[in-house]
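*Asks:* For reference, the sequence and a predicted model appear below.
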Amino acid sequence: MHPCDPNDPRNLWVEPADSGHKKGAGVNTKKDPVETKLHTAVCKRQITLTAAQQAIVTD
């Protein structure tokens, strides 16, 4: 397993999958694609890290 894999035990932020998620059936949580888009926007300096964190926390 690669250390960036969300299921890798070396990943300090392992999160449980959504209930009913089947292993190998795509993203672990419905929020994962949103987190990825926010990550990209932060790296491109389109939004601040604080704004992205707030968006994730408030869902």
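*Replies:* Now that the structure is in, tell me what you want to look at.

*Asks:* from here on, contacts and neighbour counts on C-alpha atoms
*Replies:* OK.

*Asks:* Where does pLDDT dip in this structure?
*Replies:* The model of the chain has pLDDT under 70 over residues 1-4, 6, 11-14.

*Asks:* quick check: longest helix of it.
*Replies:* Counting by DSSP state H, the longest helix found in the chain is helix 32-43.

*Asks:* residues making contact with the next helix or strand after that one?
*Replies:* With elements assigned by DSSP states H and E, the helix or strand that comes after helix 32-43 is helix 49-58. Under the criterion CA atoms under 8 Å, 6 or more residues apart in numbering, residues 35, 38, 39, 42 lie in contact with helix 49-58.

*Asks:* Just want the angle from helix 49-58 to helix 32-43.
*Replies:* Angle of helix 49-58 versus helix 32-43, following axes from the mean of the first three to the mean of the last three CA atoms, to 10 degrees, is 170 degrees.

*Asks:* In helix 49-58, which residues are buried?
*Replies:* For helix 49-58, burial by neighbour count (16 or more other CA atoms under 10 Å) applies to residue 52.

*Asks:* Alpha carbons only: can I get it in CSV?
*Replies:* The C-alpha atoms that make up helix 49-58 are tabulated as CSV, following Å, rounded to 0.1, in the frame of the first residue of the first chain:
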residue,chain,number,x,y,z
LEU,A,49,-6.6,27.2,3.6
THR,A,50,-8.8,28.6,6.3
ALA,A,51,-11.7,28.9,3.9
ALA,A,52,-11.2,25.3,2.7
GLN,A,53,-11.0,24.0,6.3
GLN,A,54,-14.2,25.9,7.2
ALA,A,55,-16.0,24.4,4.2
ILE,A,56,-15.0,20.9,5.3
VAL,A,57,-16.0,21.4,8.9
THR,A,58,-19.4,23.0,8.2
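
*Asks:* what's around residue 10, how many residues?
*Replies:* For residue 10, the tally of surrounding residues (other CA atoms under 10 Å) stands at 13.
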